[in-house]
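Asker: I need the structure of the sequence given here:
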Amino acid sequence: MTPQELWDLPTDEFNLWREKNDLPKLFMSFEKNLPGFGDWLSENNFLIDTLVKIRNPGELFHGEYDKYLIDFSENHPDDRYYFVHPQSTQAAKEVERRAKEKNHIYQRFTPYILWGQRKYKTRHFLPGKNTKLLYGSGHAPDVPDLCQWKMMGHYVLKLGGLTITRGYRINRRNLDFTNLDFLTIEGPDHGNIMHSIYFAHAHNIRLNDGKLSSLNLVECDFQNLKLENSSEIYATHFHNGNLWSMTCKNSELRYVTFDEISMNRIDLQNSYIEEVKYIPMKRDFYSTKASTYRYIADNFVKFRIAYSRQGDRKRTKESHYFERKFELFSTIASINTFWGHYKLGKNRRQNRGTLLRLKREFFRCIQQIRLSFLGICNYLLWGFGEKPHRLIYNSILVIIAYSFVYYLVGISESWIDGLYNAIFGFVRIGGVNLAEYSNQIKLLVGSETFFGWIMIALIINGYANKTKY
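Answerer: Numbering: from 1, shown residues only. All right, here's what the predicted structure looks like:
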């Protein structure tokens, strides 16, 4: 069947078609090409004939905890199998108790990728030493009508290269492991029931006065996502996966979460954003740490500008803080630790060039260390001016430290007396009578006063800075 014919099918007929056609072939390819997949099936007493009936088969692979697959045999086929994700022993016992009460068949299992990591004792057990299920070779990736993508040697179902208009349901349709490249979405009413899509290939998706809502997009590969002409994405969660290039022009992002995805080159032109949550990825970087942190900082720049344009001071301040934080991480990660080899030989001209490169790298390294040190101090001291309450905590630590020093050097007879002198010495309005002490003691007390007035100035400036936006 053509992609258009498949979209024309009612949701339940579409899901049944996949159950009988492409999903069995996909799982047979998994069994052939994924390490230990057959063992995983056997350990969990899974049959491929059963797994293809699940409306979110991608959930069998994704997850950080053991799950339960519960069979509600009395339900409609589209609602027969449910996944439950207990994150504690007590929660797991409760799931089993309720399933037994209602005579529902349940199966506790470990998601395949987590199972493989435990079995092979490495996160890089998948083909190509990957940590995720990734699409391999493709065919005609720039031609909407012809593009195809392989997952573990199998061409996944093609559903892109066309336009779906109002009334074509996305929610409740099994779109796991599908090729949605060059899909254009127009109009509203594509579903408002919370629905998950796992491991979809989604390059060049375009919303033209279209609306997507209530979607949970897990480990999907997005690239060049475009929202145009009053389009909207609402109550949608992007989790893991990729989002390389997103253009939002005269459109809206509302209650959208970008959760640990590889994300860069976002453009929010005259667009409205509300309650957008961005949680940067923590591992599995596709490029160097320095460039990844730089991309993350750039993303926060775009969010800061958008929130500032809307007058949302709180979100603007938060975005500015994380922008500066990841700029600092990028600077630290880019420090040259001289892993490169600078070998000298018999050729004097080549040696001179090698020494010049080494000299440039050395001074660049010194500059990066200096910037990193200043940035770390700025971050710890007052959170780049966005968290002035840290100055109060740091001031208290300075006072306590000096109170112990005053007691140890004999300025104060007790720690309490030292605390009294440290408090007044911090603002230099009394405390220790310095006339009878040595120059070293005078310098010690003067250093506290010096730090104290710097802290006071920064506290005043920090809280004044809170009205910056």
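
Asker: Can you mark which positions in stretch 10-22 are buried?
Answerer: In terms of neighbour count (16 or more other Cβ atoms under 10 Å), stretch 10-22 has its buried residues at Thr11, Phe14, Asn15, Leu16, Trp17, Arg18, Glu19, Asp22. All C-beta atoms are positioned from the backbone trio N, CA, C, and that covers glycine.

Asker: Assess the claim that the second one and Leu6 are in contact.
Answerer: Yes - shown here, Phe14 and Leu6 form a contact pair, counting by Cβ atoms under 8 Å, at 6.1 Å.

Asker: Please identify the pairing partners of the helix or strand where Glu186 lies and their relative orientation?
Answerer: Per DSSP states H and E, Glu186 falls inside strand 184-187. If you go by DSSP bridges, strand 184-187 pairs up with strand 163-164 (parallel), strand 206-213 (parallel).

Asker: can you give me the helices in this protein?
Answerer: 3-8, 11-20, 22-33, 37-43, 48-51, 89-101, 112-120, 289-310, 313-333, 348-382, 389-408, 415-427, 439-465 (DSSP state H).

Asker: counting contacts, what elements does the fifth one pack onto?
Answerer: If I follow you right, that is helix 48-51. helix 22-33 (3 or more Cβ pairs under 8 Å, 6 or more residues apart in numbering; DSSP states H and E).

Asker: list the buried ones in the helix it packs on?
Answerer: For helix 22-33, by 16+ other Cβ under 10 Å, it's Asp22, Leu23, Leu26, Phe27, Ser29, Phe30.

Asker: Going by distance to Leu146, which of the residues you listed wins?
Answerer: Of all these, the one with the least separation from Leu146 (Cβ to Cβ) is Asp22, at 17.8 Å.

Asker: from what I can see that closest one touches Leu157, true?
Answerer: Yes - counting by Cβ under 8 Å, Asp22 touches Leu157, with 4.7 Å between them.

Asker: for the helix or strand of the chain with the lowest mean pLDDT, the distance to its chain's centre please.
Answerer: None of the helices or strands of the chain scores lower by mean pLDDT, DSSP states H and E than helix 348-382, at a mean of 78. Using Cα atoms, centre = their mean, to the nearest Å, the mean C-alpha position of helix 348-382 is found 30 Å from that of the whole chain.

Asker: now do stretch 145-159
Answerer: On Cα atoms, centre = their mean, the centre of stretch 145-159 falls 27 Å from that of its chain.

Asker: Repeat that for stretch 323-338.
Answerer: Centre to centre, stretch against its chain (Cα atoms, centre = their mean), the figure for stretch 323-338 is 18 Å.

Asker: Give me the residue ranges of this structure where confidence is low.
Answerer: 75-78, 284-286, 336-351, 428-437, 465-469 (pLDDT under 70).

Asker: In terms of residue numbering, what are the domains of it?
Answerer: 3-129, 138-333, 348-380, 389-465 (automatic domain parsing).

Asker: If you count neighbours, what's buried in stretch 43-55?
Answerer: Asn44, Phe46, Leu51, Val52, Lys53, Ile54, Arg55.

Asker: For Leu397, state which of these is nearest.
Answerer: For the buried residues of stretch 43-55, the nearest to Leu397 is Asn44 (53.2 Å; Cβ to Cβ).

Asker: Might one say that the closest one is in contact with Gln107?
Answerer: Yes - judged on Cβ under 8 Å, Asn44 makes contact with Gln107 at a distance of 6.5 Å.

Asker: Give me the most central residue, the protein.
Answerer: Closest residue to the average C-alpha location of the chain: Glu260 at 1.7 Å, with Cα atoms, centre = their mean.

Asker: on that earlier part again, nearest approach to Tyr135 belongs to which of the helices of the chain?
Answerer: Closest among the helices of the chain, using Cβ to Cβ: helix 22-33, at 12.6 Å.

Asker: I'd like a version of the strands paired with strand 184-187 in JSON lines, one that adds distance to Pro86 and mean neighbour count as further columns.
Answerer: Formatted as JSON lines, the strands paired with strand 184-187 follow (distance: least, Cβ to Cβ, whole Å; neighbours: other Cβ atoms under 10 Å):
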{"stretch": "strand 163-164", "distance to Pro86": "37", "mean neighbour count": "18"}
{"stretch": "strand 206-213", "distance to Pro86": "28", "mean neighbour count": "21"}
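
Asker: picking that back up, which one of the domains of the chain is the most hemmed in?
Answerer: Highest mean neighbour count of these: domain 138-333, a mean of 19 (counted as mean count of other Cβ atoms under 10 Å).

Asker: what about it, how long is it end to end?
Answerer: The first and last residues of domain 138-333 sit 34 Å apart, counting by Cα to Cα, to the nearest Å.

Asker: Stretch 269-283 now?
Answerer: Span of stretch 269-283 from end to end, Cα to Cα: 30 Å.

Asker: which residues are contacting that stretch?
Answerer: 227, 247-263, 292, 296, 299-300, 303, 306-307, 310, 322, 326 (Cβ atoms under 8 Å, 6 or more residues apart in numbering).

Asker: need the contact list for Ser214.
Answerer: Asn171, Gly191, Asn192, Ile193, Met194, His195, Tyr234, Ala235, Thr236.

Asker: same thing but at 6 Å, please
Answerer: Asn192, Met194, Ala235 (Cβ atoms under 6 Å, 6 or more residues apart in numbering).

Asker: Over to Asn250?
Answerer: Per Cβ under 6 Å, 6+ apart, neighbours of Asn250: Asn270.

Asker: Make 6 the first number, not 1, from now on.
Answerer: Understood, numbering begins at 6; the last thing we discussed is Asn255.

Asker: Against Ser235, how distant is it?
Answerer: From Asn255 across to Ser235, the span is 6 Å (Cβ to Cβ, to the nearest Å).

Asker: try Ile210
Answerer: Ile210 is 17 Å from Ser235, by Cβ to Cβ.

Asker: Nearest residue to the residue nearest to the centre of the chain in space, please, no chain neighbours.
Answerer: Spatial nearest neighbour of Glu265, excluding adjacent residues (Cβ to Cβ, 6 or more residues apart in numbering): Met286 at 4.6 Å.
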